[in-house]
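Asks: Predicted model and sequence follow; I will ask about them next.
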Amino acid sequence: MTAALVALPVSIALLTGAYAPQQAGSAPLEPTLEARVHKLGKELRCAVCQGLSIADSPASMARAQLDKVRELVAAGKSDEEIRSYFVARYGEWVLLSPPAHGFNWLVWIAPAALILVGFAVIIRQIQRGAPSASGALAKPRVDPQAVEPSSPTIAAPTAGDEYLQRVRSELDQ
Amino acid sequence: MNWKIAVGASLACIALVVILARGFGRDPHEVPFMLKGKPAPDFKLRTLDTGHQISLAELRGKPVVINFWATWCGPCRLEHPVLVWASREYGSQIQFLGAIFEDTEENARAYLSQNGTPYPQLVDPLSRTAVDYGVAGVPETYFIDAAGVIRGKYAQPIDPKTMAAQLKSLLEARASAEVQK
Amino acid sequence: MNSSLGCGLVLGALACAVFGAVVGIGTGLARRDSGTPWVIRAAVGFFLCMLLANLTMVWALVSHDFSVKYVAHVGSRATPLVYTVVSLWSALEGSILFWGIILGTYVLAFALTNRGQHARYLSLALGTMLGIGVFFAFLIAGPANPFSPVSPLPADGPGPNPLLQNHVLMVIHPPMLYLGYVGMTIPFGIAVAALLRGDLGEAWTATLRRWTLIPWTFLSVGIILGSWWAYAVLGWGGYWAWDPVENASFLPWLTATAFIHSTMVQERRKILKLWTLSLALATFLLTILGTFMTRSGVFNSVHSFTQSDIGPTFLVFISLLLVFSIALLSTRGQMVAAEGKLRSPLSRESAILVNNLLFVGITFTVLLGTLFPLVTEAVRGVRVSVGEPYFNRMAVPGGVAVLFLMGVGPMLPWGSANPQLVKKQLLLPTAIGIAVALACLAFGLRGFLPILTFGLAGFVGTLTLRELLLPASVRIAEHREKPWTALLRSASRARRRFGGYVVHLGMVMIFVAIAASSSFVTHTSGTLRVGQSLKVGDYGVKLVGFQTGAEPHRRWKAANVELVGRDGRAETLAPRMNFFERSTDPIGTPAVRSSLFGDVYISLLAFSDEERTATFNAWIFPMVGWIWWSIPILVLGAVIAIWPARKSKVARLGTPQSSASDRVATADADRGAA
């Protein structure tokens, strides 16, 4: 499989074999601020990579963006201001997690909605199949799993034996 | 029950196929260009050869073209002659600037001493200005009008025709602004 | 010569596939068995043509025959032999050719192992599978033809993408993934045959189950190897980026896992038949969707093949498959009617239903997240990104719920449960789970989610081990067998159950490893001069020198570092930057020191020759190695579950008149054929 490069994909022909010098970034700030830089870095998308955050990407562009975040954090900007700075220049696209407003609510709500609907369906199925309706199902089934712990025809001894019998019968498949 | 599910599933699948089909033809790597029509971010960078500072604010009143490039970028080398030509043609009316992106000064000097440049080349340490402009790779050329507003951006190696068209529109905008004054 | 030979072979494969599909489905729908031997012959033909075509391509690659288009595209005289052979699957056209041989192998294996049985379904199933083969053979013969001749003859080629020459895992990860991905065609064919025929017998269900488990195993291994490759090669310290193509491989895995569980409910309680078949169809559809996502150029991904024209062709194919599947399910669905009912919420079938719901929910979430940028652009005209932060936030609750169910489900009985019994059975595992959580807190670990995960892992692990060992201990008590014999016998008597629980143990390992390696990471970065060192966790990393090297296809520069642990022992690691001819940015190879408790991971970000400095990123990832070490456990469990038992072969054939039994309604003749 051809993997597109993680870093700058703009250069198509390499005429001379020159390589982008990998330059070190700015010096890290003190720990709490640096942690903020890292956290914001994880939320912002590297402008040249395939979906990596600027904290993760080794590309020089990503390092430059992270340096900018560091500069803004050191200048005392809030997280929201830093995000708006990047959105103003690169668009909503630069945020790796779609901000929850307007149409984007769909991607945040739909999964939970599906799970809830699914639960409702399951509960309805269980209610439909409740013991009161099972009289209609009394057809003689060849059911090797003859022993069921809840079956009233068995004089259930101790709970341990019940369990053992269940495991045993399960194994006889 | 069956028909409801069938219709629902069909609608979902039609939506899926339509969305995937709409994806054709668009470039998934394209980065949005947000600063169109907005004031160009100011900068104060030193030039590569003389070391004196150039700031965008002091160039107000004249259209400016900024080209971000690097020596390791093949397409940048390809477009270099176009920029040299344009700056010679229009240099009296439009200020051309080059900004070196993610490269060392030695590399830039070596390249420029061989290929020449009639306009100032700026050093952008840690690419602060590039990020400020929303650069997402090189080459990128920004067209800023006399009032300091970004009119256009070209994110590929530029050819003479596009360059001429963009520059003409910059000059026309300036002319009409002057007429209004 | 290679060109024309290859083209001819591919056309031959196309012809065999067309013949097999037409005869198979035609005679199957007409309910005649006479076509089956011909379909099997067509499968043999398809396999042979694909095999020879692939061998021709490998030969062309190795002999650097640049007159063949694909070789001119990815071949290079400088590439080492291993990567030259492997470049068969390194770019789009070659990988579709590789898809063809994997498909041919699977179809042939299925045909040969089922020859003489399942007369009702076999030709329909094989016909469907060869029908899918028609599409791929058509792609190879037409739009994505790797064998086209090239003129003028180039002297050399650019070589495969550098990222694919950096690590030996490139040799094994794609084949494993393909064996998983392509293999899902087989259960698709089986399910379609059942729907076309209008019923689903016990024996055929057993076949469906086994032939889903086989590709599922390969897919699991392929995905884990892929994440290992990302970790060891890409240098950002992560192993899963929720990249669109990674998601594309994950989606069919999720539905296949849901299928494996729901098929148990179908077998025991005779319900959920239509749902199970839908899952089988969905799994295959997701593999085709996934391969579309990889190859269409529509998605921004590390794995994307270069822009190609086959996107629209794939989309048409997907549309046809969707129409076909929906039509099939809605018209034939009522023929596979349920014969039982769901009775109690406190039962294994309810647990499995919730499991299915969760898996489908996760599938939907991952699919929606991956497609959402396209949706937004179509609706709003604005580009958004849906990346790691979103997926991690959504996946974590789902994962925790799945982990919990993995423990509770096996503990609940089929049918309905005695609540008292359930409570009693829960005591020990819950106690152990809480003990584990408290131990973590005592050790100083903090964080609600990881500690919850570890506690649940203790809970699930105890439950699973108990279910695994209890039958053996019963055997020891009653038959006085030796422990090892008892274990083996109990395993072989209930392979699917035993194997399934072993797989569960492997999954618990993965959950624990993921929780530990994401929540308790230590990270440092810094620039060092020779002789300086930085501290990461309990380790010191000292730069001692530089080293360069050159190979035919790349040059590299390494920074030698000395890693000093808490015990004072030092070892040398050498994270590198590799410079390939074809790219402007170097590609880093991190240096990783693995141990049972975690990895020390160092990647070289930058270096300066004049100042003799190097910039590093250093991490400690606790327990991350357990993710890849779980592979043998998963494979062991799957092999145990898949292994056919001799007695069940008899059961599968039903009455002594072997194949005649298939013609008789087999609805309740036999149970649980493995």
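Replies: Here it is on my side, so go on.
Asks: quick check: mean pLDDT across whichever helix in chain A runs longest?
Replies: The longest helix of chain A (DSSP state H) is helix A:105-128. Across helix A:105-128, the average pLDDT comes to 90.
Asks: Stretch C:36-53 too?
Replies: Per-residue confidence for stretch C:36-53 averages out to 94 on the pLDDT scale.
Asks: Now do the buried residues in that stretch.
Replies: The neighbour-count check on stretch C:36-53 (16 or more other CB atoms under 10 Å in any protein chain shown) flags C:36, C:38-40, C:42-53 as buried. C-beta here means a position set from N, CA and C on the backbone, and glycine is covered the same way.
Asks: how about the residues of chain B that lie near chain C?
Replies: Residues of chain B lying close to chain C by CB under 8 Å from any CB of the partner chain are B:2-3, B:5-6, B:9-10, B:13, B:16-24, B:26, B:28-30, B:32, B:72-74.
Asks: all helices for chain A, in order.
Replies: Under DSSP H, chain A gives helices at A:31-43, A:60-74, A:79-90, A:105-128, A:159-171.
Asks: most tightly surrounded among the ones you listed?
Replies: The highest mean neighbour count among those belongs to helix A:60-74 (a mean of 23), with neighbours defined as mean count of other CB atoms under 10 Å in any protein chain shown.
Asks: And the contacts of that one?
Replies: The contact list for helix A:60-74 (CB atoms under 8 Å, 6 or more residues apart in numbering or on different chains) reads A:7-8, A:20, A:22-23, A:25-26, A:28-29, A:33-34, A:36-37, A:40-41, A:44, A:46-49, A:52, A:54-56, A:81-82, A:85-86, B:102, B:126-128, B:130-132, B:135-137, C:585, C:605.
Asks: what about burial for those residues, which qualify?
Replies: Restricting these to buried positions leaves A:7-8, A:20, A:22-23, A:25-26, A:34, A:36-37, A:40-41, A:44, A:46-49, A:52, A:54-56, A:82, A:85-86, B:102, B:126-128, B:130-132, B:135-137, C:585, C:605, with burial counted as 16+ other CB under 10 Å.
Asks: In strands, which of those fall?
Replies: Applying DSSP state E to those, the entries found in strands are C:Leu605.
Asks: related to what we said a few turns ago, among the residues of chain B next to chain C, which are within reach of chain A?
Replies: Near chain A, by the rule CB under 8 Å from any CB, you find B:29, B:32, B:72-74 out of the residues of chain B next to chain C.
Asks: Just the ones in strands from those residues, please.
Replies: Among these, no member falls in strands (DSSP E).
Asks: can you list those in CSV and add neighbour count and pLDDT?
Replies: Putting these into CSV (neighbours: other CB atoms under 10 Å in any protein chain shown; pLDDT from 0 to 100) gives the following:
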residue, neighbour count, pLDDT
B:His29, 16, 76
B:Pro32, 18, 80
B:Trp72, 26, 86
B:Cys73, 26, 86
B:Gly74, 19, 86
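Asks: circling back: would you reformat the helices of chain A as CSV and include distance to C:Arg480?
Replies: As requested, the helices of chain A are arranged in CSV below (distance: least, CB to CB, whole Å):
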stretch, distance to C:Arg480
helix A:31-43, 59
helix A:60-74, 66
helix A:79-90, 68
helix A:105-128, 43
helix A:159-171, 17
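Asks: between these, which gets nearest to C:Val192?
Replies: Shortest distance between C:Val192 and the helices of chain A, using CB to CB, is found for helix A:105-128: 25.6 Å.
Asks: Mind exporting the C-alpha coordinates of that closest one to PDB?
Replies: What follows is helix A:105-128 as a C-alpha-only set of coordinates in PDB (Å, rounded to 0.1, in the frame of the first residue of the first chain):
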ATOM      1  CA  TRP A 105     -24.400  18.300  17.200                       C
ATOM      2  CA  LEU A 106     -25.300  15.500  14.800                       C
ATOM      3  CA  VAL A 107     -22.000  13.700  15.300                       C
ATOM      4  CA  TRP A 108     -22.100  14.100  19.100                       C
ATOM      5  CA  ILE A 109     -25.700  13.100  19.700                       C
ATOM      6  CA  ALA A 110     -26.400  10.400  17.000                       C
ATOM      7  CA  PRO A 111     -24.400   7.600  18.600                       C
ATOM      8  CA  ALA A 112     -26.100   8.100  22.000                       C
ATOM      9  CA  ALA A 113     -29.500   8.300  20.300                       C
ATOM     10  CA  LEU A 114     -28.800   5.100  18.500                       C
ATOM     11  CA  ILE A 115     -27.900   3.200  21.700                       C
ATOM     12  CA  LEU A 116     -31.000   4.500  23.400                       C
ATOM     13  CA  VAL A 117     -33.200   3.500  20.600                       C
ATOM     14  CA  GLY A 118     -31.600   0.100  20.500                       C
ATOM     15  CA  PHE A 119     -32.100  -0.400  24.200                       C
ATOM     16  CA  ALA A 120     -35.700   0.400  23.800                       C
ATOM     17  CA  VAL A 121     -36.000  -2.200  21.100                       C
ATOM     18  CA  ILE A 122     -34.400  -4.800  23.200                       C
ATOM     19  CA  ILE A 123     -36.600  -4.100  26.200                       C
ATOM     20  CA  ARG A 124     -39.600  -4.300  24.000                       C
ATOM     21  CA  GLN A 125     -38.500  -7.700  22.700                       C
ATOM     22  CA  ILE A 126     -38.000  -8.900  26.200                       C
ATOM     23  CA  GLN A 127     -41.400  -7.700  27.300                       C
ATOM     24  CA  ARG A 128     -43.000  -9.400  24.300                       C
END
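Asks: returning to that earlier point: whichever of the residues of chain B next to chain C count as buried, I'd like them selected in PyMOL; how would that read?
Replies: In PyMOL, selecting the buried portion of the residues of chain B next to chain C, with burial taken from 16+ other CB under 10 Å, looks like this:
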select buried, chain B and resi 6+9+13+16+17+19+20+21+23+28+29+32+72+73+74
